[in-house]
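Visitor: take a look and give me a structure for this.
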Amino acid sequence: MTYERDATTLELPWPFAGREDELESVRRSLAGVRRGIVVTGPAGCGKTRLAAEAIRGTDCARAAGTAESRAVPFAAFAHLLPESVTLHRAVRLLSGVRTLLVDDAHLLDDASAALVHHLAVHGRTRLLIVATDGVPVPGAISRLWTGDLLPRLALEPLPGEETGRLLTAAAGPLDALTANRLRRLSRGDLRLLRDLLGAVRALLAPVPGTGERAWRGPVPLTAAVRERTAPVLGRTRPLERETLDRLAFAEPLPAHLDDLDLGALESLESDGLIEVDDHGAVRLAHPLYGPALRAAAGRLRARRLARTADEYAAALDAESAALALRIERADVRAMATPVGEWLVAGGGVLPGGYAAVRARFAFLRGEVREAAAWAREGLRGDLGHAACRAELDRASAVVDSPGDPGPAPEALTDPYDAVRLGAPGKGADRLGGVFARHADALTRADGPDLDEVARELERRGFRLFAAEAYAQAVGVHRDPRAARHSRTRAVALARRCQGARTPALSGLVLGELTARQRQIVTLAASGLTNRQIAERLTLSVRTVGNHLYSAYARLGANDRAALPRLDHTPEAQPA
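Guide: Predicted structure coming up:
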């Protein structure tokens, strides 16, 4: 006996992107000896979407727990079982089900939880169980993995680079600052991310000279945003509300314990609405709290509580100086920079000097699209700003023309650029520290030393440079195993560099694709549409699209427009 739920319930408008490795793990578990898996993770991290993708196109029954029906025996399986049934009979009736997805298993009634456990023990039904972390789970469900009946896949929030690809798949190319802002506001909650993207879609404006769109301005107070911010909006005690409003209007600058009512702070902290660091600085606990509180305040209250322009200017200068110092010390590990982000998000004009430093910092971290976005923000206020123009050209050369080998090493004036392009002898005497070591290791064609240099560059935050050093090590290693390790590290780091393509990285990424992905990428690069590829390879259009999205993730590309510059191999033969 099999049951097939209406396929439309699993067809979601939100595209599936990222989680390729997790998707493969789930599919293997459903087809393997253990015949099932439990997927857990925080609320909104995409567990249900992953499960829906894993079973799409299969003959699968589906059940789900709900808070309202936890007191009703077998409520989650009411559509699959007779009106009155014992546990023993329920197990017999469902043992013939080939595959069963149980969503929100943490909300199952006790009888349904026991049924799922017995099905796992029985072993005839492939089980895909989805449960949320941080909430009580029925013992019969938790024993699925603690009792070693089924493996458990614990999902983390979607990484930033994969969230960016998801946003591109859903809304087209967004400028890096918009994508970053949406990620910060949603904090890994993909349901909230989808709601915010839907609300700002009509507010997206084209970025001149690019195919991207950007969002600047206030946060729309959607129903989901109001629900998420209800804990602060519903706070009615005068001292607590005054404290929350003062924190909201202090953003992005923190307030301090000495300036606020201690009793109100203790109450708000105990409820998780504020955070206090080791230096006594106080901030709201969620990035949506501030926008919601400011929107709810009247004009006079806002005027009374708002910080002065001079305070923000001084904080911006301090932030710029801190960034410049980190660059000077060759340490570009991530640091908090809320002032510049807040100013740009609101649509303010960014000083060119700050924008240039911010762009340079981002580029050194391998965040090349973000570097271009910061430089464009500086040029928006000053079209003739030379430093911003130079940073924009630098970032654009890496992202927009990756197939172009760029200037010859002898034409370069920056000695480290010459090293990165394979001419370590040019100006090496002007380099110091890890950069000089990079030039020396490359000159001697020393693979292990290049790996060591790459590790140090990565430790200091230079992801793009580290990827290039690992890539250079691949070609000089004598040990094939060491070469494979260097190649793996190079590709992993390159994926986090927002589509950066440089001579040192060319040729690495395609080897990360499966044979089918390489085949489809080649056809897409030649100009064929998804439908034409599907007809040629006898696949469904949806399958072609899924393979392309997976390829984008592995190649670090945002769309098919980047594929012709990434692929230089002859058309693959049908697999």
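Visitor: mind saving the C-alpha coords of stretch 247-264 as CSV?
Guide: Listed in CSV are the C-alpha atoms of stretch 247-264, where the atom choice follows Å, rounded to 0.1, in the frame of the first residue of the first chain:
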residue,chain,number,x,y,z
LEU,A,247,18.7,51.7,22.3
ALA,A,248,16.9,51.8,19.0
PHE,A,249,17.7,55.4,18.3
ALA,A,250,21.3,55.0,19.4
GLU,A,251,21.9,52.5,16.6
PRO,A,252,24.4,51.8,15.1
LEU,A,253,26.3,53.1,18.1
PRO,A,254,26.0,51.1,21.4
ALA,A,255,24.6,52.7,24.6
HIS,A,256,26.3,52.1,27.9
LEU,A,257,25.1,50.7,31.2
ASP,A,258,25.7,53.9,33.1
ASP,A,259,23.3,55.8,30.8
LEU,A,260,20.3,53.5,31.3
ASP,A,261,18.0,52.2,34.0
LEU,A,262,19.7,49.1,35.5
GLY,A,263,16.4,47.5,36.6
ALA,A,264,14.9,47.8,33.1
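Visitor: quick one: mean pLDDT for it?
Guide: Regarding stretch 247-264, the rounded mean pLDDT is 90.
Visitor: cool, stretch 166-184 as well?
Guide: Mean predicted confidence for stretch 166-184 is 91.
Visitor: keeping just the C-alphas, turn it into CSV.
Guide: Written as CSV, here are the backbone C-alpha positions of stretch 166-184 (Å, rounded to 0.1, in the frame of the first residue of the first chain):
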residue,chain,number,x,y,z
LEU,A,166,19.8,31.6,-3.1
LEU,A,167,18.9,35.3,-3.3
THR,A,168,20.3,35.5,-6.8
ALA,A,169,18.2,32.4,-7.8
ALA,A,170,15.1,34.0,-6.3
ALA,A,171,15.4,37.7,-7.4
GLY,A,172,18.3,37.9,-9.8
PRO,A,173,21.7,39.5,-9.1
LEU,A,174,21.6,41.8,-6.1
ASP,A,175,24.5,44.1,-5.1
ALA,A,176,26.6,42.7,-2.4
LEU,A,177,25.5,45.3,0.2
THR,A,178,21.9,44.5,-0.3
ALA,A,179,22.5,40.7,0.0
ASN,A,180,24.6,41.3,3.1
ARG,A,181,21.8,43.5,4.6
LEU,A,182,19.2,40.8,4.0
ARG,A,183,21.4,38.2,5.5
ARG,A,184,22.0,40.3,8.6
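Visitor: name the residues of it that are buried.
Guide: Of the residues in stretch 166-184, those buried by neighbour count under the rule 16 or more other Cβ atoms under 10 Å are 166-171, 173-183. The C-beta positions use only the backbone N, C-alpha and C, and glycine is treated the same way.
Visitor: then stretch 416-424?
Guide: Buried residues in stretch 416-424, counting neighbours by 16+ other Cβ under 10 Å, are found at 416-421, 423-424.
Visitor: and those, which of them are in helices?
Guide: Using DSSP state H to define helices, the subset of the buried residues of stretch 416-424 located there is 416-420.
Visitor: where along the stretch 51-200 of the chain do the strands fall?
Guide: Listed in chain order, the strands found in the stretch 51-200 of the chain under DSSP state E, counting those that start in this stretch are 61-64, 99-103, 126-132, 152-154.
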